[in-house]
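1. Let's see this in three dimensions:
(chains A and B)
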Amino acid sequence: MANISEAPSPRDGIPDAARCRRIEFPYAALTLLILLAVWQLATMCLSLPAYLLPSPAIIAADAAANWRLLLYEAGVTSYEILLGFGLSLIVGVPLAVVLAHSRAFERAIYPLIIGSQTIPKVALAPLFLAWFGFGIGPKIIIVVLMAFFPIVSNSVVGLKSLSPEMLNLARSMGATRFQIFRRFQLPNSLPGIFAGMKVAIVLAVIGAVVAEFVGADRGLGYLIMMATADLDVARQFAAIVVLSAIGMVLFAILQQIERRCLPWHISIRRDLVRN
Amino acid sequence: MEVDQISKRYKNRGGELAALDRISFGVFGHEFLSIIGPSGCGKTSLLMIIGGLVSPSTGTVRIGGRTVHGPYTDLGVVFQQDVLLDWRNVMQNVMIQGEIRGLKRAAFEARARELLRMVGLAGFTRMYPYELSGGMRQRVAICRALLHDPPILLMDEPFGALDALSRDQLNIDLLRLWQDMRMTVLFVTHSITEAIFLSDRVMVMSPRPGRIEAEIPIDLPRPRRLALRQTAAFNDLTREVTAVFEKAGVLRED
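-> Presented below is the predicted three-dimensional model:
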């Protein structure tokens, strides 16, 4: 990985880009604050009952009072998400490599993988519950089923995006098949793999919650189910907020890794010295 | 180097497309030979066949007495697109040639610096391709093709995508490198001026299926400067090439 993960030398452009990002961030936060204020005002002015729509203040108070519980359940769900996501990556990328290299394998397997995506994974959840019980197993399986397809499909696209010229360049250097893969094809496919991972991490969160809805004795999904039974809408909202925070944090971490690994990629760089 | 009766046909829907029709010519050692022809005449195919990257339908290519089968690696290639690796900086892009070939790092690192200095990129070694202009990128690609001091350099319309000024500068840089290293250059272009300015000999190709219409020796004095292009001798050669294209129906003035 030395050549691709090497941190770039500090150049004029990078601080610029960083500054741009820092300027952008408060805008989104501001929008969020305004929306929250509107929400708060609406619940107050329309005097909505808290069991229908609690105000942000009530939700925040509930979250603050139960932060240990939320933290514990968040830990459980995060563990499921990360384990499932990691497994998807470990299975998905090598599978994509095989799919991209073997026409026969691709024809035999890929249509089935795509076809299997039409099965609503939510509908499978009760089945896994019956087969594998209440433990973490069925949660991981559902997370993998959700997360693995975008990783595979984006990685295949990335791996196949090597231009004929670049392939000819490699061959003119006498590169072996492995060298072509390792030096040209794999780094060239990293943007695709990252794109797949970013979709997958969001789906992994959904997968974990769905799995917990169906049958669990812990996790944020379980907490939401329990709160529903108690008509504790504030608790539901608190769990939802924590869930989306988990999703956002994981997504942001991936984006940071992507920035470090692919400072050269078009989706990350600001165009600097074009003339 | 000898190109012997090379033909190339491509299969397309419901038929065959003849790209090259029995092309034969020889190339002398250290020669700068340009192949000029209209778009789609198979120039690129011809170059790829010579490099062993595409196999011909019939005919053979012999380099140094050996017939080319599969990629011939004792050469450098510069493509129309620079094909730089976006994830490597300028220095690393040049050095990949040595890495893939398993050469000694210390030697090729020094050579890479020297080549980059020769094309005026000494201060840009740590820049990434997206930070460079088209002309600079193509210069990096040329350095990469020359890192291992190949006896042959294949160039496929390398300056076709550049603006006129960058193109002139690259022509000068390329001639300087060639003067220094004396590799054999096969240069594909569709610019008459460029072909004459650079070459010892220009081969003019017909439209598809590509045949060699004429072979024009360029005995203009070297080293050449841009002003050469305004001389009478240069104009005569330009006229000669143009006449070939008119006769072949590539250029029509009525």
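
2. Quick check: phi and psi on B:Leu47?
-> Taking degrees, to the nearest 10, you get phi -60, psi -40 for the backbone angles of B:Leu47.

3. To what extent is B:Gly29 buried, counted in neighbours?
-> Burial of B:Gly29 is recorded as 11 neighbouring residues (other Cβ atoms under 10 Å in any protein chain shown). C-beta coordinates here come from the backbone N, C-alpha and C atoms, glycine included.

4. Provide the secondary structure category for it.
-> Per DSSP: H, G, I helix; E, B strand; the rest coil, the local secondary structure of B:Gly29 is coil.

5. shouldn't it be in contact with B:Asp200?
-> No - counting by Cβ atoms under 8 Å, B:Gly29 sits too far from B:Asp200 to count as a contact (11.4 Å).

6. Identify the residue nearest the geometric centre of the chain.
-> As the question left the chain open, I've gone with chain A. Centroid check for chain A by Cα atoms, centre = their mean gives A:Ile201 as the closest residue, at 1.6 Å.

7. not quite, I wanted chain B
-> B:Met155 (1.9 Å).

8. That one contacts B:Phe187, correct?
-> Yes - between B:Met155 and B:Phe187 there is a contact under Cβ under 8 Å: 4.7 Å.

9. Give me the common contacts of those two.
-> Common contacts of B:Met155 and B:Phe187, defined by Cβ atoms under 8 Å, 6 or more residues apart in numbering or on different chains, are absent altogether.

10. which residues touch the residue nearest to the centre of chain B?
-> Applying Cβ under 8 Å, 6+ apart, the residues near B:Met155 are B:77-78, B:185-188.

11. Neighbour-wise, which one of the residues you listed leads?
-> In the contacts of B:Met155, the most neighbours by other Cβ under 10 Å go to B:Val77, 29 neighbours.

12. A:Val242 against A:Leu70, yeah?
-> Yes - when contacts are counted by Cβ under 8 Å, A:Val242 is listed as touching A:Leu70 (5.3 Å).

13. Now do the shared contacts for those two.
-> Taking Cβ under 8 Å, 6+ apart as the contact rule, A:Val242 and A:Leu70 both touch A:63, A:220.

14. Pull the residues that contact stretch B:39-46.
-> Contacts of stretch B:39-46 (Cβ under 8 Å, 6+ apart): B:3, B:6, B:8, B:19-20, B:23, B:35-37, B:54, B:80, B:156-157, B:188, B:190, B:205-210.

15. Next, the distance between the ends of that stretch.
-> Chord length of stretch B:39-46, first to last residue, is 13 Å (Cα to Cα, to the nearest Å).

16. what about it, average pLDDT?
-> Regarding stretch B:39-46, the rounded mean pLDDT is 87.

17. ok, now stretch A:144-151?
-> What stretch A:144-151 shows for mean pLDDT is 94.

18. Contact residues of chain B facing chain A?
-> B:48, B:51, B:53, B:71-73, B:75-77, B:79-81, B:83, B:85-89, B:92, B:96-97, B:99-101, B:126-133 (Cβ under 8 Å from any Cβ of the partner chain).

19. Can you say which of those residues are buried?
-> With burial judged by 16 or more other Cβ atoms under 10 Å in any protein chain shown, the buried subset of the residues of chain B next to chain A is B:48, B:51, B:53, B:71-73, B:75-77, B:79-81, B:83, B:85-89, B:92, B:96-97, B:99-100, B:127-132.

20. Make sure the residue nearest to the centre of chain A is actually in contact with A:Phe251.
-> Yes - using Cβ under 8 Å, A:Ile201 is in contact with A:Phe251, at 5.7 Å.

21. joint contacts of these two?
-> If you check A:Ile201 and A:Phe251 against Cβ under 8 Å, 6+ apart, no residue is contacted by both.

22. To what extent is the closest residue to chain B within the stretch 151-275 of chain A buried, counted in neighbours?
-> Per Cβ to the nearest Cβ, A:Gly174 is where the stretch 151-275 of chain A lies closest to chain B, at 3.7 Å. Residues lying near A:Gly174 (other Cβ under 10 Å) number 15.

23. follow-up on the earlier one: which strand residues bridge the residue nearest to the centre of chain B?
-> Taking DSSP bridges, one obtains B:Val78, B:Phe187 as the residues bridged to B:Met155.

24. Distance check, it against A:Val76.
-> Using Cβ to Cβ, to the nearest Å, we find B:Met155 at a distance of 62 Å from A:Val76.

25. where's the residue of the stretch 151-275 of chain A closest to chain B relative to B:Leu175, distance?
-> For A:Gly174, the distance to B:Leu175 (Cβ to Cβ) stands at 28 Å.
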